[in-house]
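Asker: just need the structure, nothing else, for what follows:
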Amino acid sequence: NEILGELEKEFGNSPDNAAEMSIEELSKTLGAGYTPLGPVAQGHINRLLSTRLPGGFGLAAVRAHLGAERLLGPARVDGVLLVATTAAPPARLEGDAAATAWLNT
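Answerer: Below you'll find the predicted structure:
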């Protein structure tokens, strides 16, 4: 129920029978009109940035770095940030150089 609650927060309305649907079927149903990051994904990203990256190296710095160094557009940067939430450094990184090195991995 908790997972379904987060899915509903992220994607808006969920189908009534979501608990009985396969992951594949549910992803097709929920992902049909999804474009921006929702509040759940954004919350995970904000938590990552505020607890693991150095002070002053926030979302704007991450977007600027990945845009300039990796030539990624906004949607690709969002994808990188979502993956990054699953591979966060074990502790806060010290300095911008460490943060950019981690982003480049």
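Asker: which parts of this protein are helices?
Answerer: Counting by DSSP state H, the chain has helices at residues 2-11, 23-31, 39-52, 59-69, 74-84, 96-103.
Asker: nearest to Pro90, of those helices?
Answerer: Closest approach to Pro90 among those (Cβ to Cβ): helix 39-52, 8.7 Å. Glycine gets a C-beta too; all of them are placed from N, C-alpha and C.
Asker: avg pLDDT for the closest one?
Answerer: Averaged across helix 39-52, pLDDT comes to 94.
Asker: ok, back up a step: among the helices of the chain, which comes closest to Asn17?
Answerer: helix 23-31 (9.5 Å).
Asker: got a list of what the residue most central in space within the chain touches?
Answerer: Closest residue to the average C-alpha location of the chain: Leu82 at 2.6 Å, with Cα atoms, centre = their mean. With contact set as Cβ atoms under 8 Å, 6 or more residues apart in numbering, Leu82 has these partners: Leu37, Ala41, His44, Ile45.
Asker: and what of Leu7?
Answerer: Neighbours of Leu7 in contact, by Cβ under 8 Å, 6+ apart: Ser14, Ala18, Leu26, Leu30.
Asker: return the distance of it relative to Phe57.
Answerer: The gap separating Leu7 from Phe57 is 31 Å, by Cβ to Cβ, to the nearest Å.
Asker: okay, the contacts of Leu7 in JSON lines with neighbour count and distance to Val62 next?
Answerer: JSON lines is the format used below for those (neighbours: other Cβ atoms under 10 Å; distance: Cβ to Cβ, whole Å):
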{"residue": "Ser14", "neighbour count": "18", "distance to Val62": "30"}
{"residue": "Ala18", "neighbour count": "16", "distance to Val62": "32"}
{"residue": "Leu26", "neighbour count": "19", "distance to Val62": "30"}
{"residue": "Leu30", "neighbour count": "19", "distance to Val62": "26"}
